[in-house]
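Novice: here is a sequence together with a model predicted from it:
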Amino acid sequence: MNREKVVFSFFMIMALTLNFGFFTGEVDNPNHHNVYELFAVIIVNLIATVLKFGDRSQMGAMLLATSLVALVQLISASIVWAYVVNIQGSVMTADTMSTIISLSGGAMIANFISVILLIIETSMMRH
Amino acid sequence: MSLVTSLIMRQMRVPIIILIMGYAIAMLGMVITPGIDDQGNPWHMSFFDAFYFVSYTATTIGFGEIPYSLSNAQRTWALITIYLTVIAWFYSLGKIISLVQDPMFREALKENQFSQQLSRIPDTFILICGFGETGHELAKALTERNIHTVIIEENDRIIQTLPLEDFPLVIPGFKGDACDPEKLIQAGLQNKKCAAVIAVTASDETNLKIAVISKLLHPDICVVCRSELEEYESNMFSFGTDFVVNPFETFANIFAMAMHSPALHLLYDWLTGVPDADLLTSPIYVQEGHWVICGFGRFGRGLYKQLLKSNVQVTIIDPSEEKREAFLSRPENKSNDFIIGTGFDAHTLTVAGITEAVGLISGTDNDTNNLSIIMTARELNPELFIIARHNKKSNEKLFEATKANIIMQPSEIIARKIRTLLVSPLMIAFLNKARNQDPTWANITISRIIGALGESVPSIWTLQINEKEARALCQVLRLGRVIRVGNLLQNPRQREKQLAAVPLMLKRNQKLLLMPTNDIAIKSGDQILFCGTPSALRSMQWSQNDLHSLNYIMTYEDTPDSYIWRKAHLFLKRNERRNRPRQKRHLMK
């Protein structure tokens, strides 16, 4: 058992599940999407990214790349949120919500790819 | 990414994750904890506010309670936030800074910087192993001639002070043991741009190793070695080292030259010297008579062999009994004396006959002894001709003060020889050929050079008549035109004037012609060795590569109405119009 891989898998799958939880619901309905969930997704994704720092293997570099993609998408989603609510000072609208959700949907695909890569890596292990 | 960088990145994981966790907990708590706004309504921080609050709290900036003053519940959480995040920050920051300062990491950065400098070198470079006195002089001389050099040296301090020195080109320095093949490869041995390796470390064994490694790993490279011992020298030659330079042998040859033909020695001194220095040296006249040699090591033996060839009486002073027996057992040494002693006391010198001697060679391997010998001998016989062996560069001023007639400094001699080998290989052939000429030839050559250049050390360059280096010349030669050596010496600005340059030798199909006359027609593939002023070199390059200037030089002598030249003229004009429309009018004159 490789503890490093287990810890990383935990965070990666957690990122995917949390993202899925945030993503489900009507795309333009703010009531269906919880801000705490977005926060958790970002934090978990951040940790998953940092866990791949300095990994010299090909698979490690691929995983770093996919989680960086997810991170960029999620941070853009949170910036959109903060911009509309805190800087413009307006109420969350259906337009803004759908933008945020589509960004997080993109991040979810990146997370999904990460998990697939993880599964491939695990199944390639000989023991 | 290098191994070290990824190791550092890997070690940064924990501090960064601690930081992220600290922030996450603090922000989440701030968002959940209830507060009251300025109108007394219940209020919660948004994630945006929380991120702002935690950011300025964690970094100890502390803007205060923004946007509304905090409730007691929020203040409680703020307390936890402060201790949590400030500690997380300090821990992570300290850890990251210490990682960046890690000696391994810094070394990796330096190696990275070195390979960047290496990749920035545009054409070829010469790898110098060992940056002692010889390496230093070589690097200076080569960079002054626009030849890039790279240095590998074991001493860290020398590498660190390298950027502080004033070289005309950036010299990348690599710290490492040159005997280690790995390090040599890192320093650029297998790089395509590496044209030559010069091994000039202090130890013959190291030089030998470097030569072996270089010849094995990059066989077509030119390897030049410094060697002071004969057994190493033959070993180096055995596997194809291109040049082995022995300072004592080189000096003995120079000494022989000075003895047999002072004018040739002077010529040698000029043509291999550093350009633009003043020509202070006057010819040295070595007298025949009684000579005293102090110290019968490699230096003394080399000079003794040369002295044997002339009609001189020699007395040797050396403390070694074995050397004396070996010396006296040889039949050719019969007429000469060998005295056991050191030579820096007046008694030994007097016994050796210093008062009647014409010359003294002070050749021990200890500078203090040499200085002492010279001073004692001068007192006994002020008329002596003195040759001093100078071992350490730091004693330069002392040796200058002794006013010895010839001072032999090994590192300077090696640097001069290697510089000549690398910068103008034809010069070695020229000097070898010149040695076989009679002494008046050297005198005539000297007066010709002085007449053309004045009294300053000339620059030396080789003109290669090929497409790359002399485009215009080749183009015109292909059209069947005749260009003579004299034409090359015309000034492209004012064709009646001569450039301050003298052709020394012409090489054509392995045949060497000394001092080619102006009426010799040049052919494609020729190599001509010139000496002259730097400005003459620039002007000459102009007429070699610029059809326009060449045209200007050539037209006054030949009639432009022959069939070929008419065609050439048309061709040139067309070319000019295409290349330089602005100067068209100038072409017409």
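Specialist: Alright, I've got the coordinates. Predicted model only: the values in this text are computed from it and were never measured.
Novice: what's near enough to touch A:Met92?
Specialist: By C-beta atoms under 8 Å, 6 or more residues apart in numbering or on different chains, the contact list for A:Met92 reads A:30, A:81, A:84-85. (C-beta placed from N, C-alpha, C; glycine too.)
Novice: which of the helices or strands spans it?
Specialist: A:Met92 is part of no helix or strand when elements are defined by DSSP states H and E.
Novice: if I look at it, how far off is chain B?
Specialist: Here A:Met92 is placed at a distance of 11 Å from chain B (C-beta to the nearest C-beta, to the nearest Å).
Novice: burial count for whichever residue of chain A sits closest to chain B?
Specialist: Nearest to chain B, among the residues of chain A, is A:Gly54, at 3.1 Å (C-beta to the nearest C-beta). For A:Gly54, the count of nearby residues is 19 (other C-beta atoms under 10 Å in any protein chain shown).
Novice: and the pLDDT at it?
Specialist: Looking at A:Gly54, its pLDDT stands at 86.
Novice: repeat for B:Ala429
Specialist: 85.
Novice: report the contact partners of it.
Specialist: B:505, B:507, B:512.
Novice: how about the contacts made by the nearest residue to the second one once chain neighbours are set aside?
Specialist: Spelled out, that is B:Lys507. Sequence neighbours aside, B:Gln527 is the residue nearest to B:Lys507 in space, at 4.3 Å (criterion: C-beta to C-beta, 6 or more residues apart in numbering or on different chains). Applying C-beta under 8 Å, 6+ apart, we find B:Gln527 in contact with B:426, B:462-465, B:506-508.
Novice: state the phi and psi torsions of B:Gln527.
Specialist: Main-chain dihedrals, B:Gln527, degrees, to the nearest 10: phi -130, psi 130.
Novice: the closest residue to chain A within the stretch 151-300 of chain B: neighbour count?
Specialist: The minimum distance from the stretch 151-300 of chain B to chain A, using C-beta to the nearest C-beta, falls at B:Gln186 (19.4 Å). Look at B:Gln186: counted by other C-beta under 10 Å, it has 17 neighbours.
Novice: next one: B:Gln510
Specialist: Neighbourhood size, B:Gln510 [other C-beta under 10 Å]: 5.
Novice: now do it against chain A, distance only.
Specialist: 55 Å.
Novice: what do you get for B:Leu489?
Specialist: 63 Å.
Novice: which residues touch that residue?
Specialist: Counting by C-beta under 8 Å, 6+ apart, the residues that B:Leu489 touches are B:498-499, B:501, B:503, B:518, B:540.
Novice: quick one: name the residues of chain B near chain A.
Specialist: B:1, B:3, B:5-13, B:16-17, B:20-21, B:24, B:27-28, B:31, B:46-49 (C-beta under 8 Å from any C-beta of the partner chain).
Novice: are any of the residues you listed buried, and if so which?
Specialist: B:5, B:7-13, B:16-17, B:20, B:24, B:27-28, B:31, B:46-49 (16 or more other C-beta atoms under 10 Å in any protein chain shown).
Novice: can you list contacts of stretch B:433-452?
Specialist: B:257, B:260-261, B:263-264, B:266-267, B:270, B:458, B:498, B:500-502, B:505, B:512, B:514-515, B:531-532.
Novice: let's see that with 6 Å instead.
Specialist: Stretch B:433-452 has contacts (C-beta atoms under 6 Å, 6 or more residues apart in numbering or on different chains) with B:261, B:263-264, B:267, B:500, B:502, B:512, B:514.
Novice: and the contacts of B:Ala429, which are buried?
Specialist: B:505, B:507.
Novice: need the contacts of B:Ala429 in JSON lines with pLDDT and secondary structure, can you?
Specialist: Conversion of the contacts of B:Ala429 to JSON lines gives the following (pLDDT from 0 to 100; DSSP: H, G, I helix; E, B strand; the rest coil):
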{"residue": "B:Met505", "pLDDT": "89", "secondary structure": "strand"}
{"residue": "B:Lys507", "pLDDT": "89", "secondary structure": "strand"}
{"residue": "B:Leu512", "pLDDT": "87", "secondary structure": "strand"}
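Novice: return the closest of the contacts of B:Ala429 with respect to B:Cys194.
Specialist: For the contacts of B:Ala429, the closest approach to B:Cys194 (C-beta to C-beta) belongs to B:Lys507, at 26.0 Å.
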